[in-house]
Structure formats: C-alpha cells, structure tokens
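**Q** Sequence and predicted structure, then a few things I'm wondering about:
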Amino acid sequence: MSAQAPLAPAPDRPIPVHPPHPGKPRVVQNSLRARLNRLLLARWVQPGLVLICLVPLGWLLFAAFTDRLGANPAEALIRASGDWALRFLCLTLAVTPARIGLQLPTLARLRRTLGLFVAFYALCHLLAYAWFDMGFEVDEIARDIAKRPFILVGMVAFGLLLPLAATSFNRAVKALGAVRWRILHKAVFGIAVLALLHFYWMRSAKNDVAEVVVYALVLGFFMGWRVRHAWQDRPGREERDAKPAQPAKPAEGQAAA
Ligand code: HEM
C-alpha cells in the first residue's frame with residue numbers, strides 16, 4: 001500500500017551509504033546494493049511476488065480438495081486465512097524499516113502488493129467464516145458478534161483495511177494528495193493493533209497466547225522503529241540539535257566557572 005515514490009537513484013549517482021561495516025569495503029557494499037536495487041526493478045519482480053503471495057491460497061485449496069485440513073476443515077481454513085492476513089501485515093510493515101536500514105529504495109515497490117495481500121487474505125478469512133461457520137446468515141453473524149466480541153474487533157480491522165486497499169493505486173494517491181494519503185495510510189498501525197487484539201482475545205479464551213506474543217513482538221518492533229524514525233526526522237530537529245547548548249544559569253550568589 002504505497003505511493004510509488006522515486007524508487008531508484010539515478011545510475012550515475014552513487015547510492016548513499018552510511019558508515020560501512022568494519023572490514024567490508026564500501027565499494028563492494030555499494031555495488032551489491034546497486035545490483036539488488038536494480039534487481040528489484042526488474043519487470044518480473046512484481047508478477048513473481050504476486051505468485052509467491054498466492055502460494056498459501058494455492059496450498060489451502062489443494063489441502064481442502066485432498067482432505068488434508070484435519071478433522072475440522074472449516075476451522076482450519078478460517079484460522080489459516082487469518083494467520084496469513086496477519087503474516088502479510090507483518091511483512092508490509094517490515095518494508096519501510098528494511099528499505100531504510102538496508103538502503104534499498106526499490107524495496108518500496110513491494111509494499112503495495114504485500115499490503116493488498118493483507119486485504120485479500122482478510123477477505124478470504126471473512127468469507128470462510130461467513131460461509132462455513134455462519135452459512136451466510138446475517139442474524140447468525142449478529143448473534144455470534146454479541147457472544148464473541150473479538151469477531152467485531154476483526155470486522156473493524158477489516159473495515160479499516162478496505163479504504164487502504166482502495167486507495168493504494170497511483171490514481172487514488174493523486175486524487176487524495178500525498179499528505180492526505182499518508183495520513184490515511186497511518187491507519188495500518190491501528191489495524192495492526194486491532195488484529196492483535198482480535199487474535200489475543202480469541203486465543204486467551206483457549207489459554208494459548210504464545211503465538212500472539214510472538215506476533216506482538218514483531219509488530220511492536222516495526223511500529224517502534226517507525227515512531228523512533230519519525231521522532232528523529234521531525235521538522236527542525238537538525239537545527240535544534242546543531243544549536244550550542246545554553247550554559248546553565250549560575251545559582252544566585254554562585255560565581256560562573
Ligand atoms: C473480517 C472480519 C473478521 C472476522 C469475521 C474474523 C473472524 C475470525 C474467527 C471466527 C476466528 C476464530 C476461528 C476459530 O475459532 O478457530 C478468527 C481468528 C483469527 N483471525 Fe480473524 N476475523 C476477521 C478479521 C481478521 C483480520 C483483519 C485479521 C488479521 C489481519 C484476522 C486474523 C485472525 C487470526 C490471526 C486468527 C487466529 C488464527 C489462529 O488461531 O491461528 N482476522 N477470526
């Protein structure tokens with residue numbers, strides 16, 4: 001879910017490199033990065049990523065049609081599609097830290113596709129639940145929400161995903177304007193929190209939250225990274241930091257050193 005910003009540095013401009021790791025010559029890092037950046041720009045990367053993202057769906061369909069989903073196939077499908085929605089959410093949130101940390105600007109190209117697959121697997125999850133568990137009965141679903149509020153939390157998360165998916169195309173970015181688009185897409189952090197709450201609420205009823213803790217740590221890391229980065233990049237920070245510190249006022253009666 002990303003605007004397609006200028007992705008690759010011009011070929012004649014060196015890729016900016018932070019202080020190199022000791023023992024690794026800068027030129028090697030530069031050329032490896034340049035190669036990776038170029039590779040990520042290749043035409044086959046996007047279709048290749050789409051194919052990879054469809055593998056879990058392919059596996060689930062194969063398993064469903066060959067009786068490999070265990071004793072409760074409906075539950076297995078609902079759970080697996082929910083798990084994949086959450087995994088793609090983690091991957092989507094990993095793109096920006098990886099792009100900046102590894103200095104691979106072209107990684108940004110992958111974010112929109114990964115984000116769309118969060119919405120896609122969440123839709124599969126919703127459909128599997130509404131079909132296999134509820135038989136598409138709206139009254140049944142309403143009763144279930146009243147009985148198990150974590151379902152409502154999942155629905156709110158899904159509802160928030162929809163505008164993000166709908167505005168992840170270049171035309172929508174242009175129509176909204178970059179600033180509004182960026183503000184809207186900050187909702188991804190709210191979605192992550194709601195998805196975790198949904199997962200935790202469901203699993204805590206079964207006293208089985210170990211997996212939830214792992215996802216919380218992963219998502220917490222990526223969100224913490226973004227907060228730290230935004231804080232470091234806040235407007236005017238460089239000027240403020242460059243100002244010499246004001247000498248402390250000597251206390252009354254005390255001579256300044
Ligand atoms: C569209 C609204 C949603 C509905 C109706 C819904 C419904 C459900 C239900 C019924 C379960 C429990 C299955 C069971 O009892 O075995 C579940 C589990 C789960 N859902 Fe959702 N959900 C929704 C949205 C989401 C979203 C947006 C995400 C993530 C981005 C998500 C991730 C999960 C996960 C990770 C689980 C636990 C799977 C496991 O135990 O391995 N759900 N959901």
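**A** Structure received.
**Q** So the residue nearest the centre of the chain, which state does it fall into?
**A** Centroid check for the chain by Cα atoms, centre = their mean gives L93 as the closest residue, at 2.4 Å. What DSSP: H, G, I helix; E, B strand; the rest coil gives for L93 is helix.
**Q** Nearest residue to it in space, please, no chain neighbours.
**A** Of all residues not flanking L93 in the chain, F222 sits nearest, at 4.1 Å (Cβ to Cβ, 6 or more residues apart in numbering). (Each C-beta comes from the backbone N, C-alpha and C, glycine too.)
**Q** Now do the contacts for that neighbour.
**A** C90, L93, A94, P97 (Cβ atoms under 8 Å, 6 or more residues apart in numbering).
**Q** Reformat those as JSON lines; add distance to W201.
**A** Listed next are the contacts of F222 as JSON lines, based on distance: Cβ to Cβ, whole Å:
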{"residue": "C90", "distance to W201": "19"}
{"residue": "L93", "distance to W201": "21"}
{"residue": "A94", "distance to W201": "25"}
{"residue": "P97", "distance to W201": "28"}
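**Q** hang on, the earlier thing: measure the residue nearest to the centre of the chain to the ligand for me?
**A** With distances taken as Cβ to the nearest ligand atom, to the nearest Å, L93 is found 11 Å from the ligand.
**Q** W225 now?
**A** On the measure of Cβ to the nearest ligand atom, W225 and the ligand end up 20 Å apart.
**Q** okay, now that residue: neighbour count?
**A** By the other Cβ atoms under 10 Å criterion, the neighbourhood of W225 contains 16 residues.
**Q** got a list of what it touches?
**A** Residues in contact with W225 (Cβ under 8 Å, 6+ apart) are P97.
**Q** what's the helix or strand for it?
**A** helix 210-232 (DSSP states H and E).
**Q** How about I145?
**A** Using DSSP H and E, I145 sits in helix 138-147.
**Q** Could you find the closest non-adjacent residue to I100?
**A** Closest to I100 by Cβ to Cβ, 6+ apart is H229, at 7.0 Å.
**Q** Read off the pLDDT value for the one you found.
**A** H229 carries a pLDDT value of 92.
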